[in-house]
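Enquirer: pasting the structure only:
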């Protein structure tokens, strides 16, 4: 294991360079461009003064958060057709946007957002692995920025966030457990995991899938351990971006 | 914890009564009706002598397995509209059928199915929690029955399955970790996990989600432990159904 | 005509073995699994406390009955794609579900179902000819069971059914008029008829189509005659299933 | 019955004034504007030198005939939304176009149309009852005109039609059986039948439906009788239009 | 330029023979069949006593006019699939119906149509170039006829039209600027323009497009000039049709 | 006219500040972020080694250029639903992407792109008026960058562009003709024009529409004049961006 070298020279437990640029989409209430190495995602948060129809139908109170995720057609090395052009729903995108929404709602007190929907949009500008974890990590910052602005404008009276949230991938690459896989590693990985945690160290989501393969319990435990390491660093970077 | 009582009287580590009836859909190559308590799913496996278009497009060899999952409209207490009637894709169904497909392909040597697609269909007849784990557990039996028949007919020369696969849910219900949640428990659970494993004890998938909530690492570990217990029992029941 | 032998040994006027098993889908208000020989259809009836939008739009009073028909993908010898997957409406299914709905409404006093919609779902588990007539015959029993239960629960104060309804196919097979065609006969038939009648001997629907062929008036009359014979027997079987 | 008066003064066995104007759509191979009283339908026939994909897939030889039926939005007293605008398939239109296609194919020797598809389009310009029977009656004339032209151009070497086809509605209106119902009669009718026959007196299709009602065998027989009378007259009118 | 001869013998500034037949679709409030040479379009206008949903949503007052444009499948030399059959929106049709709507609304005082939507439908019966300009020119006459009838019936108290509107194409054909191109000319033209003007000589729309080509300012000016000449003649023909 | 002041202080003939940043989407072959004041559009160009299906069907040679245009949901002050979510095609987007494609193809020698499709994607990041003209202007630069790179890689042997292309809006705002309208001006404008021209001063497209209004020929001429002024400046800025 001493001699193992990741293709880009990183150590097992090392994140790619992470950057968060705020204010990328000025018409959104909050927005960031987040980079996990070459992976770049535009994350924005927009407030709407109405609730989804199903909440009305079910007589539910409070607010809601909905996430949408999309890959821009030029984000991949081979151009990816738009959902609207293909006229067919992309199952992977649906899975990811459901994960983003669930992850942010886990740290959100919807009761403090009465009658409001927070829309979180994640559009991948460049895809090099880990777009869903970059999306969650960036979406939290965009949403928190939006909340700060809405509190400044007295639209919200209290902060609905009771913790921060970040996400990172881990996986088994040539029998080695590694953190934050890029596209090349992800493609070759036999196990692919995504870990979503709060800034205070609680778990929100663990998704660990064999890619047409299986894995041992020992491997599972190491993937969780690596996730904890990554989330800790991402939380620091998020806090720095928000404190500017 | 001694005094904790699950609504249906089960212990923390206890599965619901599991039944597997084979041959339910005679036109399929293999089929079962599987019951996890009140949850009932029709699982069938059908062989098709062609590959999906994308495999041709990418020049891929071998075979493929595709899964489809659907809830029959009368499977729920309130009638559920059909996908085809709503004219809108149900994100949850897409997630589940991707999971079923991934789980079975993890124990399948696709190279032994040259030019063939195995279609696995899971239609929920009655839903009372755990429909996706019942689907995976039943789908394996249906697919194995199909494979046995195709080998008997000399359509396949070798068994493409190199292990069995089963799945079970675990979750945190009123702060207690429990196995195989029924609908009532699932609805109240703060954490919901699905564990997919092979008969030989390897992991295929761990999905552990806070339902607008978070959970500690200790809880995560207990949920994994319960999953292992459940899978062991399900594997025995699958083997019995197949040995008839 | 004395020497004519149907492939499965039946006489011209003979139905296939008919079976009706009640309670197959416990979450439905009423349900049956009906078998016309190898043809098997799950029929269920579910009540919903609201009317279709178009009735509101037109200011109509009373209740409504809507039918949906679908072939499960593994019901045919070659797997049939799901409507939702093909993303295209199947004209044959639409015709059949319109026929089922019309047939049941002909014996239903919708005025006794104020504000309620009765959903009738027919899902074909195995297809061997006559799935539409088995669907109508089974759907009546499922709907009647639902009505009996709703009356027992005081949800309905009077029985909206004023007669029973059953359906059977007839056709011209190698120049012979026969009753209740199986798939093989149906495929070879030059004329294909479906007769829907009430238990009291009234007609609801006669559909008699040349399959890229024509037929004489004498043949038409014999097809109607055979239909009357079949319906009489089916009505007895329905009554027995309901009296259990 | 002596005193019975139909709203427009017709006798029980009387057709509305029938007119057939040929050449209405000059770019079609054959076309007519057919009028059954106020009901007006543009019928056209166009030849295409290829077969539907499913025929290729099934390795079928010969030719094919496909029919499409649509109501122009201004054909009804209240504007009817276009199918393309509603984005939803109209079940009634599908039923009708399947009927038109089946009816014409019954008198067509597809083996004489090797590799060709005859498209028959029926667009309702004004709807006053009987649009499907006017469509079939007009579609035959348009298709026959197209065939005559293709034979003149040596595109077809033999006439694929071995008989003519016409259609007419009959129904029970205030307990009286009448021929060729207009919209007002159709709306009030308790039984609605459509009879499709050849010029030589053979049946192609009998569809007799109770409109949320039932009918006796005697009524059924009278509806068939009236259909025969109507078809005979329509055949004469078709022949006259074709002999011009 | 003296020797230049258009394929059908017309001069540069000459329209094709224009005919307007009123009352073609009797169930519409107003309707015409308009011919620009071989191009034939059915234009109808129908009134509906409600506003589009988006006007309600935006709290807008007054009335509205919506246009729909479609080519009948037999209007072209090769049959054109229906939008509803292709299940895909035709971008060209959308562009044209937006242009028709915008053109008529430019001369319409929507405030005088409180709560009403005027539906304008243009269905091309035969296409030989200029279908969009024939549609606008005919749609105005149909809409004006509808308005006259609604005023006669006291449904409208004042005429919402404050001017007439007509449209004509111009283009560069073999380096010559010509008026009202037929299909052959249109297909060969390097520049294609559509000019929409009022009867009083105001402009509503100028659309001048190089067909994978560019053009000089001098050419642009000549195309506008020819449009003015054509519109003047079309306005006279419209007035004549309306004064009958 | 001397005293007229545009809301943002610009003169009649003055463009907003224009910026072009290249390389914004590194996985595309060429890409820019273009700003017309607050309007920001990501334009990318990607090459694909196949032709659209319809070119094959029609046996066409050479290459093709296809454009797609979309507004990111957070580009507007109120969040705009995604096309894929609304499940309905946006007519405006279709019109715009057709215009972008036509404009670029007018200066492109498709014969020099044998067997290749150049995909041009324009995604609006911030919308403040003129998104279609910014898209065309930026798309040209992205496409030219792509072409330069493909020539450098010897994928293309000759430059298929024979001129540059840019676009700008003009309009009538409170009776004054102005250049490059922002959202506020555009919303209030009675006439809205888009002018597309080449770098050498040729016209490609003139679209001048009254917004439910009409305009005189003098106004039309001034709008064209302003367009020429704007295009000249834009061409200089494009050249500068490309020469870096």
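Expert: Nice, thanks for sending it over. Remember, predicted model here, so these are calculated numbers, not experimental data.

Enquirer: Next, the buried residues of the helix or strand of chain A with the lowest mean pLDDT.
Expert: Scoring the helices and strands of chain A by mean pLDDT, DSSP states H and E places helix A:83-86 at the bottom, with a mean of 70. Neighbour counts using 16 or more other C-beta atoms under 10 Å in any protein chain shown place A:83, A:84 of helix A:83-86 among the buried residues. The way it works is simple: take the backbone N, C-alpha and C, and place the C-beta from them, glycine included.

Enquirer: and the next helix or strand after that helix, what other elements does it pack with?
Expert: Under the assignment DSSP states H and E, the closest C-terminal helix or strand after helix A:83-86 is helix A:91-105. Judged by 3 or more C-beta pairs under 8 Å, 6 or more residues apart in numbering or on different chains; DSSP states H and E, the packing partners of helix A:91-105 are strand A:64-71, strand A:117-126, helix A:131-152, strand A:165-173, strand A:191-198, strand A:203-210, helix B:91-105.

Enquirer: For the most centrally placed residue in chain A, which non-adjacent residue is spatially closest?
Expert: Using C-alpha atoms, centre = their mean, the residue of chain A that lies closest to the mean C-alpha position is residue A:136, 1.5 Å off. Closest residue in space to residue A:136, ignoring its immediate chain neighbours: residue A:167 at 3.8 Å, by C-beta to C-beta, 6 or more residues apart in numbering or on different chains.

Enquirer: can you check residue A:42 too?
Expert: residue A:123 is the one closest to residue A:42 (C-beta to C-beta, 6+ apart), at 4.7 Å.

Enquirer: measure that neighbour to chain E for me?
Expert: 24 Å (C-beta to the nearest C-beta, to the nearest Å).

Enquirer: That residue and residue A:97: what is the separation?
Expert: Taking C-beta to C-beta, to the nearest Å as the measure, residue A:123 falls 11 Å from residue A:97.

Enquirer: Please enumerate the shared neighbours of the two.
Expert: When contacts are counted by C-beta atoms under 8 Å, 6 or more residues apart in numbering or on different chains, residue A:123 and residue A:97 have residue A:69 as shared neighbours.

Enquirer: Low-confidence stretches in chain A?
Expert: A:1-3, A:86-89 (pLDDT under 70).

Enquirer: Who does the residue nearest to residue A:136 form a beta bridge with?
Expert: residue A:196 (DSSP bridges).

Enquirer: For it, list the residues it contacts.
Expert: By C-beta under 8 Å, 6+ apart, the neighbours of residue A:167 are A:103, A:132, A:133, A:136, A:137, A:194, A:195, A:196, A:197, A:205, A:231, A:234.

Enquirer: so what's the residue lying closest to the fifth one once chain neighbours are set aside up against?
Expert: Just to be clear, that refers to residue A:137. Nearest residue to residue A:137, sequence neighbours excluded (C-beta to C-beta, 6+ apart): residue A:166, at 4.6 Å. Counting by C-beta under 8 Å, 6+ apart, residue A:166 touches A:136, A:137, A:140, A:196, A:197, A:199, A:231, A:234, A:235, A:238.

Enquirer: what's the answer for residue A:235, then?
Expert: A:164, A:166, A:199.

Enquirer: Would you tell me what helix or strand it is located in?
Expert: helix A:217-243.

Enquirer: list the buried ones in that helix?
Expert: In helix A:217-243, counting by 16+ other C-beta under 10 Å, buried: A:219-220, A:222-224, A:226-227, A:229-231, A:233-235, A:237-238, A:241-242.
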